[in-house]
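Trainee: All I have is the shape, not the residue letters:
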C-alpha cells in the first residue's frame, strides 16, 4: 500500500526587537550568561510584566505579510508547567485569542505552486537556556523574555521537501519584512513538527507524532524523512502507532520517544491577570499595513516594468531587501538602472561575498555608485578604470571624483596630448602602421593599445582611434 | 508614661507637624519608635525583622533633607511594611519558609514613593504566609497577638501591620488586601484600614497572591493619615499594566472634609447583616450608621443579591491565580532548596518543606480548578459570577453614594479557635471579599468596642476611584465618634 504524509508545523520565531517582551532588558545575542536580566525576566517575587508594543507591531506585520486576519481584541494567558528554564514556572503566551488567525504562504513544489494555510500566529515569551556541565547544571536567563512569535500551519504539507520549501519561503518573508533576523545559528527560528501518514488518497488522518525543538531546517528535513519512513514501515509491517511526542537525535539520525499522550502536560491555561487585553483599532492596523515592505515577488515584477531590467537582474537584486533598496536609490539618482544593476551584480555582490557581509557594511553609498555611473557615461574615465575606482569606494568610501583626482585617473581627452601619443605609437611601431594603411583593420586595435600604454591608460580610447586613423590617412 | 511611648503614639499628621516645628528630629522620632518596638513587641510579635541601622540612617537622611528646606510629605515618619512588599536589601519572605534567605534586590513602587516622600522604613511586619489567612496564625514564624487582648488574633493577613499601628510601635504601615486583609485586621485591632480601588496603587514589588484582587493600602491611626499615605503611594505606574491613570485625592482630602454628611446617600446592604452575626458587632455598626444619619446622611437599604456566592467565587479565582503565582518558588533561583536526585524531586521536596498547610491547600485547590475538564465548571463560571457581583454594586450605586456595613461578623477570635476549621475561617471574610471581586475601594474605621473591650470596625464601600468620597465620609464619622481609643500598653497589660 502507498502511504502519504500529512505534516503541520509550529514555528517559533524570535522577533527583532531591541528589548525583551515584558521588560527593558536587551535581546542582543552572545552576552555573558545572566547579564541581560532584571527582576521581571528572572521572575522575582513581586515583579510584573509590561508589554513591549514593538513585539505586537512586528507580529501584526508578519500577519499582514502572510495574509492573516488581525484580531481587534486579543489577550495573553498563562501556560503552566514546571521546568528550570521557566523563571515563573508559567509562560505568558496566547491561548484562545491570538493576534493573527488564518492566512497562508505559497511554496513551489515539483507539481507546481501550492498554498500552505496558516492556522494562527501568537505572541509569547521565550524561556531561558539550560546549560549542563560535568558536575552541575546552570540556567542562563539572557534569553528568557525574548519576544517569540509562534506560527502554526494547517496540516497542508505532504513531504519533508515541502516542509523545507515552506520554511525557506517563510524565512525570506520574515527577514525581508524586518520581523526577525531569522538567524538559525543564534536559535532565532525553532520548529516543532506534527506528522502522520495515511494510505494515499485516504481522507482520514493517521495517528500523529510531534517532534519537538528542531533548530535547523536541515534537521526538520532529516527528522521528517526519518519519521515518515518509520511510520510507513511500522504500518506496512502491521504495527500500530501511538500518539506521542518524540525528540530528534541528530547524531544517530533517528527520532526517539519522549512522552505519550497520557503523559501530556495539562497546561491549565487561564487569562494573564497582570496584562491588559491588546485592543487594536482600525487606524493603527492600517498605519502598519501602509508601512509594509514590498514583498520580493512584487518588487521583482516592478523592477522589470519600472526600470526595464531583465528578469534575471530583477530577481538577483530583490533577493536581498537591502540590495534592492540600494539599487533603487542609486538608479533614481543617476537615471541609468541597467548600468547600476551591472555594477551591483558584478563588483558589489562579489565584494559582499568575499567579505561575507551585507551591502550596508560596505563603505559604498548609492550616491557614490550613481556618480560613478555618470562619470563613466560622460567618458571621463574608462569602464576599466571604473572598476578600480569602485573597488576603492567599496573599501574606503568617499566620492568617485575624489578618487579620480587623488589617483590621477581622469581620462585624457585633450587632442594635442592624444595626437602626440598617436605619433609616438606610429613611430615606434612602423610595421602595424603600414599594415593598417594597407587595409588590415585589426592593426588599429594594436596601435590604440599602444596609445593607452603610453598614456598609462588615461587616453580616451575613442579619440585615440580617431587620431591614429587620421594620421594613417584612413579617416572615417 | 514615657516620652518614647507618647511619641510612638502620634499619628503621622501629628509627627509631621512636630517635625516641621522642629520639636523633635527624625532621628529622635525613629529612636523613640525603635525603643517602643524593643519594649513592647515581644508581647505582640508584630515585626519579623527590624533594621534599626537602616531606619536610623534613613532618619538622618530625612533630617538632612529637612535642613535643606525639603518638606516632603512623610519626611522622617517611621512606617512599617508588610513582609510581602519588596524593599531593596531587606528580607521579603512573606512569612514563609520557602523564601528563607531571600532579600529583595529592588524596591516596590510604593517603597520608592515612600522613600521619595521621606518615610523612614522600620522593618518587616508579620502576616499570614503569602497573605493567605485571616488571623496571622499562618505565619511560618509564629502568630502576632492582638494588642487589645493577647489571647486573641489581630486578624489577617496584615495582622502584624494592624497590631503594630494599634500598639503604637509604628506610626503607620502598609499592608495588602486581597479579600479583606487590610480591613479585617484593622477592624480587629481598632485602627483605620484602607483598601484602594484595584489599580489605584501599583502592585509592582508586591509579592503576588491573587493578581486580579491584590491591592496595597495603608493601616493608620486616623482617616487623615490614610488619606495622606494614599496620596503618596497612589497613581499610575508604568511598571504595573493594571495601574490606573486617574487623579489621586489630595493629601488633605480627609482633613478638609466637612463635619456634615448632608446630601450623602448611604446604602445598607441587607445581605451584609447576616444571620448569626455577633450581636455586639451589629449593634456597634448600627450605632455608627445612626451617627451618620445624625450628621445628615440619608440611609436606605439596598440589595446585593449575589453576595452569597462571593466566598465561593473568591476561593476559585484567588486559588487559581495563586497556583500560578506561587509556582516560581521551586528552589532553583532563590529561597529554600531541598536538594534531590533530579530537579522534579527537588521541586517536590522544596515545596513540601517550604509551604505551610494553608498555602498548600490553596495551591492544590487552584491547580484543580484550572485542570482540563474543570476549567469551565469552576474558573470560568466563577469569573461570570464575579461579573454578576460587580453588577450588583453598579445597581446599588445608582441608589446610593456609599455602602455601610460591618467588616466582619465577629470581633477578634481567640488564637487557635479557627485553625482546624478553614471553611469557617473563610466564611468570616464574606463582608470584605466582594469589594475585591468588584475592584471597589473600601475602608474600615473604628466604631466602638464590645463589652469585653474588643474593637469593632465599620466598613464603608465606595465605587471605583471614589476614594475622595470614601475618605471624606469616613473623616466626618471619625470626628463624630470621638478620639481614638488605645489598647492597654503591653508592658502594663494583664
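Mentor: Received it, and whenever you're ready, just let me know what you need. Please read all numbers here as calculations on a predicted model, not as lab measurements.
Trainee: So which residue is smack in the middle of chain B?
Mentor: residue B:182 (2.1 Å; CA atoms, centre = their mean).
Trainee: mind listing what that one touches?
Mentor: B:158, B:161, B:162, B:175, B:176, B:193, B:194, B:195, B:217, B:218, B:219, B:444 (CB atoms under 8 Å, 6 or more residues apart in numbering or on different chains). Quick note: C-beta positions are derived from backbone N, CA and C, even for glycine.
Trainee: now do 10 Å
Mentor: Each residue near residue B:182 by CB atoms under 10 Å, 6 or more residues apart in numbering or on different chains is listed here: B:82, B:155, B:157-158, B:161-162, B:173-176, B:191-196, B:215-219, B:226, B:432, B:442-444.
Trainee: Which pLDDT does the model give it?
Mentor: pLDDT recorded at residue B:182 is 98.
Trainee: does the closest residue to it other than its chain neighbours sit in a helix or strand, and which one?
Mentor: Among residues not flanking residue B:182 along the chain, residue B:193 sits closest, at 4.1 Å (CB to CB, 6 or more residues apart in numbering or on different chains). Here residue B:193 sits within strand B:192-195, counting by DSSP states H and E.
Trainee: returning to what we had before: the residue nearest to the centre of chain B and residue A:349: what is the separation?
Mentor: Going from residue B:182 to residue A:349 by CB to CB, to the nearest Å gives 69 Å.
Trainee: my read: residue A:70 touches residue A:97, true?
Mentor: No: using CB atoms under 10 Å, residue A:70 makes no contact with residue A:97, being 11.9 Å away.
Trainee: Off-centre distance for the longest helix that chain A contains?
Mentor: When chain A is parsed with DSSP state H, its longest helix is helix A:217-236. Offset of helix A:217-236 from its chain centre (CA atoms, centre = their mean, to the nearest Å): 28 Å.
Trainee: What are the buried residues along it?
Mentor: A:217, A:219-228, A:230-232, A:235 (16 or more other CB atoms under 10 Å in any protein chain shown).
Trainee: Write out the residues of the stretch 301-450 of chain B neighbouring chain A.
Mentor: Counting by CB under 10 Å from any CB of the partner chain, the stretch 301-450 of chain B comes close to chain A at B:317, B:320-321, B:323-335, B:343-344, B:346-348, B:351, B:366-375, B:379-380, B:383.
Trainee: buried subset of those?
Mentor: Neighbour counting by 16+ other CB under 10 Å classes B:317, B:320-321, B:323-335, B:343, B:346-347, B:351, B:366-367, B:369-370, B:375, B:379, B:383 among those as buried.
Trainee: circling back to that earlier point, which of the buried residues of helix A:217-236 lies closest to residue B:290?
Mentor: Closest approach between those and residue B:290, by CB to CB: residue A:220, at 76.6 Å.
Trainee: Spit out the contact partners of the closest one.
Mentor: When contacts are taken as CB under 10 Å, 6+ apart, residue A:220 is in contact with A:7, A:9, A:11, A:160, A:163-164, A:166-167, A:189-193, A:211, A:214, A:248.
Trainee: If we use 6 Å, what do you get?
Mentor: Neighbouring residues of residue A:220 by CB atoms under 6 Å, 6 or more residues apart in numbering or on different chains: A:163, A:191, A:214.
Trainee: and the residues you listed as JSON lines, adding distance to residue A:314, neighbour count and pLDDT?
Mentor: Output for those, formatted as JSON lines (distance: CB to CB, whole Å; neighbours: other CB atoms under 10 Å in any protein chain shown; pLDDT from 0 to 100):
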{"residue": "A:163", "distance to residue A:314": "28", "neighbour count": "27", "pLDDT": "97"}
{"residue": "A:191", "distance to residue A:314": "31", "neighbour count": "22", "pLDDT": "96"}
{"residue": "A:214", "distance to residue A:314": "34", "neighbour count": "24", "pLDDT": "93"}
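Trainee: now the strands for the stretch 251-400 of chain A?
Mentor: Along the stretch 251-400 of chain A, the segments classed as strands by DSSP state E, counting those that start in this stretch run A:254-260, A:270-271, A:278-279.
Trainee: Give me the distance between the last one and the centre of its chain.
Mentor: Once both centres are worked out by CA atoms, centre = their mean, strand A:278-279 turns out to sit 30 Å from its chain's centre.
Trainee: Please enumerate residues in contact with stretch B:268-277?
Mentor: Here stretch B:268-277 makes contact (CB under 6 Å, 6+ apart) with B:301, B:302, B:304, B:307, B:403, B:404, B:405, B:409, B:431.
Trainee: ok, of these, which come out buried?
Mentor: Neighbour-count burial (16+ other CB under 10 Å) applied to the contacts of stretch B:268-277 gives B:302, B:304, B:307, B:403, B:404, B:405, B:409, B:431.
Trainee: re earlier: mind checking how far the residue nearest to the centre of chain B is from residue B:195?
Mentor: According to CB to CB, residue B:182 and residue B:195 sit 5 Å apart.
Trainee: sorry, back to before: taking the buried ones among the residues of the stretch 301-450 of chain B next to chain A one by one, which sit in helices?
Mentor: The helices, defined by DSSP H, take in B:317, B:320-321, B:323-325, B:343, B:346-347, B:351, B:366-367, B:369, B:383 from these.
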